[in-house]
Every structure is written in C-alpha cells, then in structure tokens.
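A.B. asks: Give me a model of this one.
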Amino acid sequence: MGERTIVAIADGPVTRLGQLVLAGEVIDDEPIMSSTLRVMDAYVLSVLIDGEGNYRDADGRDERITPGAHTIVPPGFPHTYGTDPGEPWTELFVVFTGPLFDSLAHLAGAGPRYPVPLPSIEALRAVLRSPPRTRRVAEHQLLALADWLIDTDDTVDSPDLSMEIVDAMGRLADDLTASTDLTAVAAESGLSYDTFRRRFAAQVGQTPAAFRSVHRLQTAATLLRLTDLTHREIARTLGFADEFHLSRRFRAHFGVSPRDYRRS
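C.D. replies: Sure, this is the predicted structure:
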C-alpha cells in the first residue's frame with residue numbers, strides 16, 4: 001500500500017458474528033488495485049470522499065464514481081474499482097465477513113450507491129478507529145458497523161430536497177464535534193443564513209442546529225450501545241465539554257442517562 005494509506009484494523013479476531021478483516025483509509029493517494037476483475041472472500045465497502053474513479057464488475061456495470069459513492073461488493077463477486085493511472089483519491093475502506101452481514105439483504109447487491117443524505121463518515125471512523133482488544137470488543141465493532149450500514153440503507157433520495165440542502169445535510173451529519181460555523185455552511189450553499197435556516201427547516205423538518213445535535217446524540221447512543229468506550233472518551237470524541245455535559249444533553253433527548261441507556 002502507499003505511504004498515505006492508513007490501516008486502522010487488520011485481521012481482527014474471528015467471532016461468532018464475523019470478522020473485521022481490514023479497515024483504513026487512503027488519503028490523497030493512488031489506490032493499489034488490479035485493473036482486472038478480482039474476487040474477494042469477504043464483503044468490501046468503499047466510501048469515496050474526494051477524487052474520482054471507475055467501477056467495473058462481472059454483471060457488465062462500468063461507470064464513473066464520484067465523491068459520495070458508497071461501493072459495496074459481496075463475497076465471491078468479480079469486480080474492480082480505482083482511479084485513473086496516476087490520479088489520487090481519498091477513500092475509507094472496510095473489508096468484513098460473517099453471518100451478521102449475510103442477514104442484511106441490501107448487502108447482496110454489488111456496486112456504487114449515492115445515499116441521500118450522506119451518512120456520517122466521522123461516525124464510521126469513530127467505530128473503526130482502533131483494533132479490537134478482545135473478541136467482545138470485536139463483536140461490538142461488528143454490531144456498530146452493521147448499525148451504520150442499516151442506517152445507510154434507510155437513506156432515500158427525496159424529490160423535496162434541493163441539492164444545496166442535501167450537501168448541507170451531509171456536512172452537518174459529519175460534523176460530530178459541532179465545530180463548523182453554520183453561517184459558513186449557509187455561505188457554501190450560496191444562501192444567507194436566514195434563508196438557509198428557513199429552507200433547511202422546511203425541507204428537513206428540523207433546523208440545521210437541531211439536525212446536527214440529533215446526529216451527535218444518535219452517534220453517542222451507538223457508541224454507548226456497541227463499543228466499550230468510556231463516557232469520557234465518547235464525550236471527547238463528539239466534542240462535548242465533558243461526560244457531564246454529554247449526560248445532560250443525552251438525558252434531555254432520550255429521557256434516560258447514558259449509564260442507564262448502556263445497561264438497558
């Protein structure tokens with residue numbers, strides 16, 4: 001792999017649910033990929049963050065892939081994807097296998113998809129950021145990955161959503177630390193903040209701030225339920241001042257404390 005390929009997990013423990021075979025990220029680099037169709041023994045997920053490339057498979061699908069493409073390939077299916085020779089891209093990749101994922105029907109179809117709104121890449125990074133220390137942790141990571149994939153399958157392309165609002169939704173869903181100025185998001189959409197806030201609320205049913213807050217708390221719930229991260233680590237990951245701040249916000253949204261949620 002290239003110097004700008006970061007491997008976060010390699011050969012995770014084999015569990016009753018499956019295995020995380022490989023997870024990492026190619027950052028502004030040319031992926032190492034055969035130009036001929038290849039067959040993998042596991043599921044492959046590639047999320048294209050920046051750059052462009054091509055996808056081909058045994059069903060005759062041959063198409064250009066652009067940022068936002070979520071390419072899923074099931075085990076045993078001949079395929080290839082990558083950039084043009086010498087061209088870099090930024091890609092998050094996960095290779096996984098097991099009965100947990102065999103039960104997810106939408107993983108049976110191969111090829112690029114463009115979910116709207118884009119699911120949070122930062123939420124996926126948080127789940128896959130380090131190798132599992134035990135089989136129990138490995139199973140939690142597998143459940144968290146399945147949870148993320150299910151949420152991805154639930155996204156739909158709504159005709160009521162304008163492209164500037166779709167782009168803003170993707171950015172806010174990924175802004176798990178609430179570090180991005182909402183006025184900057186509005187400006188990138190080519191709108192004044194008041195117009196942006198009004199259109200966002202009309203099309204999405206929530207204000208931009210509320211939409212971002214809900215996604216942060218949903219990610220906190222996923223990390224509580226499916227990882228062994230401490231409350232302090234989750235609070236730090238998601239940009240809360242401390243675990244007490246997280247607890248107050250979590251209780252206000254879900255009606256229970258993070259501790260009680262994790263125990264349930």
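A.B. asks: Poorly predicted segments of the protein, please.
C.D. replies: Along the chain, segments meeting pLDDT under 70 span 1-3, 117, 153-160.
A.B. asks: Going along the chain, name the strands of it.
C.D. replies: Along the chain, counting by DSSP state E, strands occupy 5-10, 19-29, 43-50, 53-57, 62-65, 70-73, 79-82, 89-97, 111-113.
A.B. asks: Between the ones you listed, which one is closest to residue 172.
C.D. replies: Among those, strand 43-50 comes nearest to residue 172, with 16.2 Å by C-beta to C-beta. To be clear about C-beta, it is placed using only N, CA and C from the backbone, and glycine gets the same treatment.
A.B. asks: For the closest one, which strands pair with it and how are they oriented?
C.D. replies: Here strand 43-50 is paired, per DSSP bridges, with strand 70-73 (antiparallel), strand 89-97 (antiparallel).
A.B. asks: Please tabulate these in CSV, including the columns distance to residue 49.
C.D. replies: Formatted as CSV, these follow (distance: least, C-beta to C-beta, whole Å):
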stretch, distance to residue 49
strand 70-73, 11
strand 89-97, 4
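A.B. asks: Which one of the strands of the chain lies nearest to residue 224?
C.D. replies: strand 19-29 (19.9 Å).
A.B. asks: Which residues does that closest one contact?
C.D. replies: Residues from elsewhere that reach strand 19-29, judged by C-beta atoms under 8 Å, 6 or more residues apart in numbering: 1-13, 42, 50-51, 88-98, 125, 128, 132, 138, 141-142, 145.
A.B. asks: If we use 7 Å, what do you get?
C.D. replies: 2, 4-12, 42, 88-98, 128, 138, 141-142 (C-beta atoms under 7 Å, 6 or more residues apart in numbering).
A.B. asks: Please, a ChimeraX command that selects the buried ones among these?
C.D. replies: ChimeraX command restricting the contacts of strand 19-29 to the buried ones, with burial defined by 16 or more other C-beta atoms under 10 Å:
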select :5,8,9,12,42,88,89,90,91,92,93,94,95,96,97,98,128,138,141,142
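A.B. asks: Make JSON lines from the strands of the chain and add distance to residue 231 to it.
C.D. replies: Below are the strands of the chain laid out as JSON lines (distance: least, C-beta to C-beta, whole Å):
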{"stretch": "strand 5-10", "distance to residue 231": "23"}
{"stretch": "strand 19-29", "distance to residue 231": "24"}
{"stretch": "strand 43-50", "distance to residue 231": "28"}
{"stretch": "strand 53-57", "distance to residue 231": "40"}
{"stretch": "strand 62-65", "distance to residue 231": "39"}
{"stretch": "strand 70-73", "distance to residue 231": "31"}
{"stretch": "strand 79-82", "distance to residue 231": "39"}
{"stretch": "strand 89-97", "distance to residue 231": "26"}
{"stretch": "strand 111-113", "distance to residue 231": "34"}
